[in-house]
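quick one: sequence and predicted model below, then my questions.
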Amino acid sequence: MTAVASAFAVRDGGSRQLAGTGTLLRFALRRDRVMIPLWIAVDALMVLSMPNTLEGLYGTAAERTGLVAQMSANSSLRAMVGPLLGDSIGALTAWRAGLYAALLAAVMSLLVVVRHTRDEEESGRQELISSAMVGRRAPLTAALLAAAAANALLALVITVGLAGQGVVGALALGLGIGGVGMVFATMAAIVAQLTESARLARGLTGAVLGAAFVLRAAGDTGTNDGSSVPTWLSPLGWLENTRPYAGERWWVLLLFAAAALLQGAVAYALAGRRDLGMSFLPTLPQALGSARAGGTPIGPTIGRLGSAAALAWRLQRGGVLGWSVGFFVAGAVYGGMVDGATDLVADNDKAREIFTRMGGQSGLTDAFLAATVGMMGLVAALYIVSSVLRLHGEESSGRAEPVLANAVGRLRWAAGHLVIAFGGSALIMVLAGLGFAAGHGRATGPILGACLAQLPAVWVIGGLAVLLYGVLPRGAVVAWGVAGAALLIGWVGPALDVPQVVLDLSPYGHLPKLPGPHMAWTPVLTLTGIAAVLVAGGLLGLRRRDMTA
């Protein structure tokens, strides 16, 4: 990225184009001093926990060779985790964790870039900053450098942590995961120039990431070595074709570098062709507001929608739709791979034991379903946190002020967003259950009940986000850390056979394991009550504190 920045700086006026980049970079890293380390910790721990787990599951060369043969014949699992290209513990680690670590790196990167580019412009802070000695392309450069620093640190942690399995393979995996992160960082930089909304920029970049996953999955379904054309069209496919611990292909890393440099150049070119705060694709609410009222978009939008709740729905409907589609599709995919997954671990006692710990059932099919439903519940916590913290975004950007200046109380304003957050979490879990039932051909009732049983834990994390926002808005970002910790405990804890006291730190550790013969209502009702208390505490804090922009 430095080469791209320098090229544009020379063409458009030398160092003036990048004036203030160092200060903005330090400011960005300071703002993200909690978020970036949390993302890196969750991502790296997911990868670094795998070798010990896999050694316990497949301790002999014969067991690992048998796993490679089974994966070659199991297209549904290849679609989810990619092909297994080697039989060493390092190769199994890259296969089992590499794809999902790359997805997390991509999400981290797009969030960092959009936060320090389009978010800053949308809130009006960038206009104030640009009135000082700040170059035209300094904000974009600082955002990309912040993302590069985060991905470099992640790659370093993974390389050092896996060095015991082989330094060369660890380096290839670390660089591949970091490369995926930078591809989507520069993609987000382009989209941030095209759109006038940070929310839309995140959504569109996330959609591209989803398309990359689908392309890779489609390609890996047809081949067992990552050689299909759809796989090569996806940056996630490039990662598996780097082949860590399986005869590394170093030249594939050039694809990451070329894509990042090319996309970075496009982002720099677009940034130089638009005014601050403007975009190439203006959003519909602003266009309508300007045309019909000649003023700010908020006032006319409220008038047309009629209520704060309707405005909240208008602001969040895209997110609800995206999560709904994603959960239904994921449910259908996981439902369809139940038989293949159970066949894969049927002869491995240790793997069966892990599924039993995760799913809480003795029957392998029910245990697998309970485990995957539990994972969907963990991911739903990310939705509810993002939806609740939309309140913080509206307040900090100043958009809440004109809403509250009308005959709208704080609680009524907040309630509109919270109904979408908590009701939306119920909706996506229902759709996940319908997807599971459709994919597995199972009766809808039991699997739908299992999905709904995850909601009290999801709501507890959402309630904590409400409490943090209402009482300590500057610390609301901690809710992401709580959701990430719950995800890490639920994902890694059973595989490492951590003590029950650690699993109980997560609200998910107290839920009944369904589908199964026993339904425990006491923890469900208790967690629901705790969530209600947390929400009430957050609303009380919001009502009493000052609103800040």
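Sure, I can see it.

contacts only, for residue 477.
34, 35, 389 (CB atoms under 8 Å, 6 or more residues apart in numbering). No exception for glycine: its C-beta is placed from N, CA and C like everyone else's.

if you set the cut-off to 7 Å instead, what comes out?
34, 35 (CB atoms under 7 Å, 6 or more residues apart in numbering).

ditto for the one 5 residues further on
By CB under 7 Å, 6+ apart, the contact list for residue 482 reads 461, 464.

and it, what helix or strand is that in?
helix 478-496 (DSSP states H and E).

okay but residue 166 is in contact with residue 245, surely?
Yes: contact criterion CB atoms under 7 Å: residue 166 and residue 245 qualify, at 6.1 Å.

neighbour count for these two, which is higher?
More neighbours surround residue 245 than the other of residue 166 and residue 245, with 25 against 18 (other CB atoms under 10 Å).

follow-up on the earlier one: overlap in contacts, residue 166 and residue 245.
With CB under 7 Å, 6+ apart as the test, residue 166 and residue 245 both reach residue 90.

what's the burial count for residue 133?
10.

do you know how far it is from residue 383?
41 Å (CB to CB, to the nearest Å).

I'd like the average pLDDT over the helix or strand encompassing residue 320.
Secondary-structure assignment from DSSP H and E places residue 320 in helix 308-336. Mean pLDDT, helix 308-336: 83.

remind me what it packs against, helices and strands.
With contacts taken as 3 or more CB pairs under 7 Å, 6 or more residues apart in numbering; DSSP states H and E, helix 308-336 sits against helix 298-305, helix 364-388, helix 410-440.

and these: which comes nearest residue 42?
Closest approach to residue 42 among the helices and strands packed on helix 308-336 (CB to CB): helix 364-388, 11.1 Å.

contact partners for residue 94?
By CB under 7 Å, 6+ apart, residue 94 lies in contact with 173, 244, 245.

skipping adjacent residues, who's closest to it in space?
With CB to CB, 6 or more residues apart in numbering as the criterion, residue 94 has its nearest non-adjacent residue at 4.2 Å, and that residue is residue 244.

distance of the one you found relative to residue 206?
Applying CB to CB to residue 244 and residue 206 gives a distance of 26 Å.

likewise residue 95?
Counting by CB to CB, the separation of residue 95 from residue 206 is 24 Å.

residue 128 now?
29 Å.

how about the secondary structure of residue 514?
Look at residue 514: counting by DSSP: H, G, I helix; E, B strand; the rest coil, its state is coil.

ah, wrong one, I meant residue 226
coil.

and the pLDDT at it?
83.

so what's it up against?
Per CB under 7 Å, 6+ apart, neighbours of residue 226: 83, 220, 237, 240, 241.

give me the neighbour count for the second one.
Right, residue 220. 28.

any idea how far residue 379 is from it?
21 Å.

likewise the last one?
Per CB to CB, residue 241 is found 27 Å from residue 379.

same thing with residue 125?
31 Å.

more neighbours: those two, which one.
Higher neighbour count among residue 125 and residue 379: residue 379, with 20 against 15, using other CB under 10 Å.

how many neighbours does the closest residue to the more buried one other than its chain neighbours have?
Leaving aside its chain neighbours, residue 379 sits nearest to residue 487 (7.4 Å; criterion: CB to CB, 6+ apart). The burial count assigned to residue 487 is 20, neighbours taken as other CB under 10 Å.

how much space between residue 487 and residue 42?
7 Å.

other SSEs contacting the helix or strand containing residue 79?
In the assignment (DSSP H and E), residue 79 maps to helix 75-81. The helices and strands touching helix 75-81, judged by 3+ CB pairs under 7 Å, 6+ apart, are helix 89-116, helix 198-222, helix 338-345.

so for residue 257, which of those sits nearest?
Using CB to CB, the helices and strands packed on helix 75-81 put helix 89-116 closest to residue 257, at 15.0 Å.

now that closest one: average pLDDT?
90.

can you spell out which helices and strands pack onto whatever helix or strand comes next after it?
Downstream of helix 89-116, the next assigned helix or strand under DSSP H and E is helix 118-123. If you count contacts as 3+ CB pairs under 7 Å, 6+ apart, helix 118-123 packs onto helix 198-222.

after the helix it packs on, next one along is what?
Next along the chain after helix 198-222, taking DSSP H and E as the criterion, comes helix 229-232.

that next one packs against which elements?
Helix 229-232 is packed against helix 198-222, with contacts defined by 3+ CB pairs under 7 Å, 6+ apart.

contacts for the helix it packs on, please.
Under CB under 7 Å, 6+ apart, the answer for helix 198-222 is 75, 78-79, 82-83, 106, 110-111, 114, 118-119, 122, 184, 187-188, 191-192, 195, 226, 228-231, 233-237, 283, 318, 322.

now the buried members of these.
75, 78-79, 82-83, 106, 110-111, 114, 118-119, 122, 184, 187-188, 191-192, 195, 226, 228, 230-231, 234-237, 283, 322 (16 or more other CB atoms under 10 Å).
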